[in-house]
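Undergrad: sequence plus the predicted model coming up.
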Amino acid sequence: MNHELFHHESRSFVEFGLAWITVLGLVLYAFAAFVSGRRFKPWPLYRYVCWFFGIGSAAAAVIGPLARRAHTVFTAHMTGHLLLGMLAPLLLALAAPMTLFLRVLPVPLSRKLSHVLRSWPLVILTDPVITSLLNIGGLWILYTTDLYGMMHQNVMIHLLVHVHVFLAGYFFTVSMLYVDPVPHRTSFLYRATVLVFALAGHGILSKYIYAHPPAGVSGIQAEQGGKLMYYGGDGIDIILIFIFCLQWFKAARPRMRVAANS
C-alpha cells in the first residue's frame, strides 16, 4: 500500500511539473509572437493555432484522464502515443518556433542560437536516417522488450520514455519538413526515400503488436491498440506526406518555369 501511495504521489508530482512546463510553453510562444508582431509583420494566426493545439496534444498524453487511463488500458496508451509522438511534433514543427525566437531574441542570443543550430550534434540529430532510427527504432524497442512493462512500474522510466517519444517524433518531423531554418539540408529524394522506409517500419510494428501483444497486454487490447496505431498513424502521416509533397512542388516550380521559358 505504501508502495502504491509512493507511486501515486510521484506521478502527481511529475504531472504537476509537466503542467507548469505546458503553461510556460504557451505563454512564452504567445509573448514572443506578440513581440514579433510589434517589430515585424503580425505572426500568422495559423502558427498560433498549430502551437496551441500541438502543446495541447502533448499535454493530453501526459497529464489528466487519458494519461492516467493509459497505465491500465492499452488503447489509451496508444492514443497518447499518437498524440505525443506524431500529432504534437507535426503541429509544433508547423508553428516554426525557431524562426519566431530568432526574430525576437537579442542579436547576441540569436547568433548563439544560430551557432547551436549549425553545430555538429544538430547535424546528426536532424539527419533523416538518424531521426528515423531514434523514432521508429525506439518504438520497436519499447513494444518488443520488457521496457513497456517497466515504464508502468517506475515513474522515472515512464517519464524518460515519454520524453524520448516526443523528442524523437519532433526531430523526425523537422528532419522531413523544413519549416524553420535548417543549416544542413538534405535533398527531397533522400528524405522521401527515408520517409517511405520509416512509415513502413511504423506500419509493420503496428501489425506486430496486433499479433504479439507487449507483456501485460491482453490479446483483445493489443488488437485494438494495433489497429489504432496503424490507422491513426496513417491519418497523421497523410498530412505529413501532403505537406512534404507541397514543399517539394514549390521548390521545383522555379526550375519548371525556367525550363518552360528556355
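TA: Sure thing, it's come through.

Undergrad: you'd agree residue 93 is up against residue 177?
TA: Yes. Look at residue 93 against residue 177 with C-beta atoms under 8 Å: they come within range, at 5.8 Å. For every residue, glycine as well, the C-beta is placed using N, CA and C.

Undergrad: and those two? which has more neighbours close in?
TA: More crowded of residue 93 and residue 177, by other C-beta atoms under 10 Å: residue 93, with 26 against 19.

Undergrad: can you tell me how far that one is from residue 72?
TA: Distance, residue 93 to residue 72, using C-beta to C-beta, to the nearest Å: 32 Å.

Undergrad: residue 227 now?
TA: 19 Å.

Undergrad: among these two, which residue is more densely surrounded?
TA: residue 227 (16 against 11).

Undergrad: excluding chain neighbours, give the residue nearest to the more buried one in space.
TA: Among residues not flanking residue 227 along the chain, residue 210 sits closest, at 7.0 Å (C-beta to C-beta, 6 or more residues apart in numbering).

Undergrad: and residue 152, by the same measure?
TA: Nearest one to residue 152, counting by C-beta to C-beta, 6+ apart, is residue 71 at 5.6 Å.

Undergrad: helix, strand, or coil at the one you found?
TA: Here residue 71 is recorded as coil under DSSP: H, G, I helix; E, B strand; the rest coil.

Undergrad: neighbours of it, how many?
TA: The local packing of residue 71 (other C-beta under 10 Å) involves 13 other residues.

Undergrad: identify the residue nearest the geometric centre of this protein.
TA: residue 89 (2.8 Å; C-alpha atoms, centre = their mean).

Undergrad: name the next helix or strand downstream of whichever strand or helix holds that residue, please.
TA: Assigned by DSSP states H and E, residue 89 belongs to helix 88-94. Going down the chain from helix 88-94, the next helix or strand is helix 97-104, by DSSP H and E.
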